[in-house]
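Q: Could you work out the structure for the sequence below:
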Amino acid sequence: MSEVETSATVAEAIAALFGAAPLEDMEPSQALTVAFEALVPAVPIPAARKMLGNKSRSEMYQAAAAGFLTFIKDGSKTLVTTKSIRSYQATRWKPAAVKLYTPSRRRRRRRSEAAGSTKPARKGNAA
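A: Predicted coordinates for the structure are as follows:
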């Protein structure tokens, strides 16, 4: 079997595993995601925290208790499934409403101008 045939077989196996279209028919980002999930089905909690925007460990456990993330155990190590991370990102993340900063056009007056008073000159300054 040649290398091209092997890569096509692997792509079809990945697509069959995840019930997706063949990798050639997907967008590059989708194909990368499917391949990543096939190669790395679960990641340790510190890696998942980074993937989710540096969430705290307690927030990760709260999300798991609420059913948003799926944890699995591998001996004593706790892992988070990449599929649950992707679904969390798709359902829980919202676009941010960002306002464009526009500086104020109002000129701020100094206290001396506002009060209309003149300050006496300092002792060290001869006028």
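Q: Do a quick rundown of the strands in this structure.
A: Taking DSSP state E as the test, the strands found in the chain are 42-44, 71-74, 77-81.
Q: Does anything pack onto the longest one? Which helices or strands?
A: In terms of contact count using 3 or more C-beta pairs under 8 Å, 6 or more residues apart in numbering; DSSP states H and E, strand 77-81 is assigned the packing partners strand 42-44, helix 45-51, strand 71-74. Just so you know, the C-beta spots here come from the backbone N, C-alpha and C atoms, and that holds for glycine as well.
Q: same thing with the first one?
A: Counting contacts by 3+ C-beta pairs under 8 Å, 6+ apart, strand 42-44 packs against strand 77-81, helix 82-92.
Q: In CSV, please show the C-alpha coordinates belonging to the longest one.
A: Extracted as CSV, the C-alpha positions of helix 82-92 are listed here (Å, rounded to 0.1, in the frame of the first residue of the first chain):
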residue,chain,number,x,y,z
THR,A,82,-11.7,17.4,23.3
LYS,A,83,-15.2,16.9,22.0
SER,A,84,-16.7,18.5,25.2
ILE,A,85,-14.2,21.4,24.9
ARG,A,86,-15.3,22.1,21.4
SER,A,87,-18.9,22.0,22.3
TYR,A,88,-18.3,24.2,25.3
GLN,A,89,-16.6,26.8,23.0
ALA,A,90,-19.4,26.6,20.5
THR,A,91,-22.3,27.0,23.0
ARG,A,92,-20.9,29.0,25.9
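Q: Mind listing what's buried along it?
A: Neighbour-count burial for helix 82-92 flags 82, 84-85, 88 (criterion: 16 or more other C-beta atoms under 10 Å).
Q: Likewise for the first one?
A: Using 16+ other C-beta under 10 Å as the burial criterion, the residues of strand 77-81 that qualify are 78-81.
Q: Which pLDDT does the model give residue 45?
A: Looking at residue 45, its pLDDT reads 91.
Q: for this structure, where's the lowest mean pLDDT among helices and strands?
A: helix 3-18 (a mean of 57; mean pLDDT, DSSP states H and E).
Q: Out of the helices and strands packed on strand 77-81, which gets nearest to residue 92?
A: Judged by C-beta to C-beta, the one of the helices and strands packed on strand 77-81 that comes nearest to residue 92 is helix 45-51, at 12.9 Å.
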